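Participant: sharing a model prediction with you, sequence too.
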Amino acid sequence: PMPPRREFLQIAAAAAAIMPGGWSRSFAQQRLAQDDLLAFEPLGNVTLVHVTDIHGQLRPVFFREPSANLGVGESRAKPPHVTGKAFLDLYRIAPGSPAAYALTPEDFPALAKAYGRMGGLDRIATVVKAIRAERGDRVVLLDGGDTWQNSYTSLVSKGQDMVEAMKLLKPDAMVGHWEFTLGAERVKEIVEKLGFPFLGQNVRDNEWNEPAFEPMAMLERGSVRIAVIGQAFPYTPIANPRWMMPNWSFGIREEEVQANVDKARKDGAGLVVLLSHNGFDVDRKLASRLRGIDVILTAHTHDALPEAVRVGKTLLVASGSHGKFVSRLDLDVRDGEVRDYRYKLIPIFSDAIVSDAEMAAKINEIREPHGAMLAEEVGRTETLLYRRGNFNGTLDGVICDALLSERDAEIALSPGFRWGNSLLPGQAITREDVYNATAMTYPAAYRMTMTGARLKEILEDVADNLFNPDP
């Protein structure tokens, strides 16, 4: 049975009436209480908790959701390819409300001033501990990857900062994508000491054609046997440099996914979860072609959806990025199937959720040696700087302008990544903000001569990656 539509973040009715820019921040904060954010009517015998695409962000951030997210083919105008006002209408969210701020770009600068930053691993730790305290041995915590990269401290520590912080959260498993850009040797070194499984059923060692990582983990929770099958980003060597993982091959490997599902069922799994970094549209198509997967925890495309999407008998959960949300999915699992479920995308409003002392201490320890440098102001924004969606973000505009002025070029191209925090108009730009938009293990900028034909080829190749009707 489908659960009734639960209002996402339904706080006092007054909160819905807050008009952008009209009310003070303190008033907005009074309307946001940790108990309300975490309120959940528990259900069943298993609770899946999902975080993903944190991108090295230990601290609370501003992060604007996309205004353009075009879907093509079967995905056209379906979530997550619905944005802005259409998104508010679809999910019946009041303009100006906390949910409107968390989930859309509407009135973003004004609402950001009212509701403040989101995320922070110390706040996430508070939420995870609260769910564990309530649900005991029924909880499975899963990390969807893109965790160890894209901040200054993750760059200089080769991901060690995130590894140590995540260890305090005690996930049951994770998968990878940007992790692989630390290089194969470093990934192997971390995985050996991780203390929980780094899964990747679709990553093969080219030399021996053997699995490079464990394909799945079998867990027992709430007296249910749970199979978690891991799926790394299938296009890693295409989207990122091949030389960083020369002996591993990737791909979707649909038949192997099905074989692992069948094996899990044969081994007595009552619940089968695909912990995936495929991206939402790939997972939606996969769900329509495979049998026996109960839940796909999707990642990579940074979509934040306040409801699970159903494809046949499979539930797809999209938990956003940069630490803005924690997903909670309660399941009633009986006789090898999901009888009922209840879902909440928990928004991590950093001013409303208390900081976890243990995680806060770890974050301070990681950042302390670099704090003064990272806080140094290098400029000020005049307009909202963001990077997200299918088309140019203003942050990439700044990067392209910098490339044009520094490298004496006529045209500059920047791949419009999904990672990198937003900056509000009039905000100080710190060194940390620059690193949050540029910190990667292959940062070189190349200057070369191109013909018009070559330029068109590159743009069409990018468009084919984004807008091919077949994900």
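Facilitator: Yep, that arrived. This structure is a prediction, so every number in the text was calculated from the model and none was measured. Numbering: from 1, shown residues only.
Participant: find the nearest non-adjacent residue to L395, please.
Facilitator: In space, and not counting its chain neighbours, L395 is closest to R387: 4.0 Å by C-beta to C-beta, 6 or more residues apart in numbering. (Each C-beta comes from the backbone N, C-alpha and C, glycine too.)
Participant: would you check that that neighbour makes contact with G416?
Facilitator: Yes: here R387 reaches G416: they are 6.4 Å apart, a contact under C-beta atoms under 8 Å.
Participant: mutual contacts of those two, please.
Facilitator: Applying C-beta atoms under 8 Å, 6 or more residues apart in numbering, one finds that R387 and G416 are jointly contacted by G393, D396.
Participant: of the two, which one has the most company?
Facilitator: R387 (25 against 19; other C-beta atoms under 10 Å).
Participant: for the more buried one, give its distance to D401.
Facilitator: Between R387 and D401 the computed distance is 14 Å (C-beta to C-beta, to the nearest Å).
Participant: A412 too?
Facilitator: A412 sits 8 Å away from D401, going by C-beta to C-beta.
Participant: do M373 as well
Facilitator: As judged by C-beta to C-beta, M373 and D401 stand 24 Å apart.
Participant: try K170
Facilitator: According to C-beta to C-beta, K170 and D401 sit 44 Å apart.
Participant: picking up where we left off before, neighbour count: A412 and D401, which is higher?
Facilitator: A412 (18 against 12).
Participant: tell me the contacts of that one?
Facilitator: When contacts are counted by C-beta under 8 Å, 6+ apart, A412 touches I399, C400, D401, L403, L404.
Participant: ranking by neighbours, what's the top pick from those?
Facilitator: With neighbours taken as other C-beta under 10 Å, the top of the contacts of A412 is I399, carrying 22 neighbours.
Participant: quick one: it and P443 touch, right?
Facilitator: No: with contact defined as C-beta under 8 Å, I399 does not reach P443; the gap is 11.4 Å.
Participant: which residues do those two both contact?
Facilitator: Any residue near both I399 and P443 by C-beta under 8 Å, 6+ apart counts here, and not one turns up.
Participant: can you give me the helices in the stretch 51-200 of the chain?
Facilitator: Per DSSP state H, counting those that start in this stretch, the stretch 51-200 of the chain carries helices over the ranges 84-90, 98-103, 108-115, 121-135, 152-156, 160-169, 184-193.
Participant: so what's P171 up against?
Facilitator: Taking C-beta under 8 Å, 6+ apart, one finds L141, L142, D143, F196 in contact with P171.
Participant: who are the packing partners of the helix or strand harbouring M359?
Facilitator: If you go by DSSP states H and E, M359 is part of helix 357-367. Where contact means 3 or more C-beta pairs under 8 Å, 6 or more residues apart in numbering; DSSP states H and E, helix 357-367 is packed against helix 121-135, helix 160-169.
Participant: ok, and the most crowded of the contacts of P171?
Facilitator: For the contacts of P171, the largest number of neighbours (other C-beta under 10 Å) sits with L142, at 28 neighbours.
Participant: so, low pLDDT: which residues of this protein?
Facilitator: Along the chain, the model assigns pLDDT under 70 to residues 1-31.
Participant: sec struct for G426, please.
Facilitator: Using DSSP: H, G, I helix; E, B strand; the rest coil, the structure places G426 in coil.
Participant: ok, now H370?
Facilitator: helix.
Participant: how many neighbours does it have?
Facilitator: 17.
Participant: so it touches L155, yeah?
Facilitator: No: assessed by C-beta under 8 Å, H370 is found out of contact with L155, at 10.5 Å.
Participant: list residues touching both of those two?
Facilitator: Contact criterion C-beta under 8 Å, 6+ apart; residues shared by H370 and L155: none found.
Participant: next one: L385 from L423, what distance?
Facilitator: Going from L385 to L423 by C-beta to C-beta gives 4 Å.
Participant: looking at those two, which one has more neighbours?
Facilitator: Applying other C-beta under 10 Å to L385 and L423 shows that L423 carries more neighbours, namely 27 against 24.
Participant: tell me who's in contact with the more buried one.
Facilitator: With C-beta under 8 Å, 6+ apart, L423 has these contacts: F62, T381, L384, L385, Y386, L395, I429, D433.
Participant: same deal with P425?
Facilitator: Contacts of P425 by C-beta under 8 Å, 6+ apart are P109, T381, E382, T383, L384.
Participant: ok, 6 Å please
Facilitator: By C-beta atoms under 6 Å, 6 or more residues apart in numbering, the contact set of P425 is P109, T381, T383, L384.
Participant: now do the contacts for the first one.
Facilitator: The reference is to P109. Residues near P109 by C-beta under 6 Å, 6+ apart: L384, L424, P425.
Participant: now do the contacts for A130.
Facilitator: L38.
Participant: measure stretch 37-50 end to end?
Facilitator: In stretch 37-50, first residue to last residue: 16 Å (C-alpha to C-alpha, to the nearest Å).
Participant: so which residues make contact with it?
Facilitator: Under C-beta under 6 Å, 6+ apart, the answer for stretch 37-50 is 130-131, 135, 138-142, 221-222, 224, 297, 319, 327-333, 342, 344.
Participant: let's see 7 Å
Facilitator: With C-beta atoms under 7 Å, 6 or more residues apart in numbering as the test, stretch 37-50 has contacts from 9, 127-128, 130-131, 134-135, 138-142, 144, 221-224, 226, 271, 273, 295, 297, 317, 319, 326-333, 340, 342, 344, 346-347, 349, 352-353.
Participant: what are the boundaries of the helices in the stretch 201-350 of the chain?
Facilitator: All helices of the stretch 201-350 of the chain, identified by DSSP H, counting those that start in this stretch, fall at 236-239, 254-266, 280-289.
Participant: could you give me the buried positions within the first one?
Facilitator: What that stands for is helix 236-239. Residues T236, P237 are the ones in helix 236-239 that count as buried (16 or more other C-beta atoms under 10 Å).
Participant: could I have the CA atoms of it written out in PDB?
Facilitator: The C-alpha trace of helix 236-239 is given here as PDB (Å, rounded to 0.1, in the frame of the first residue of the first chain):
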ATOM      1  CA  THR A 236      34.500   6.900 -13.900                       C
ATOM      2  CA  PRO A 237      37.300   6.500 -16.500                       C
ATOM      3  CA  ILE A 238      35.400   8.600 -19.000                       C
ATOM      4  CA  ALA A 239      34.300  11.500 -16.700                       C
END
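Participant: starting at the chain centroid, how far to that helix?
Facilitator: From the chain centre to the centre of helix 236-239 is a distance of 18 Å (C-alpha atoms, centre = their mean, to the nearest Å).
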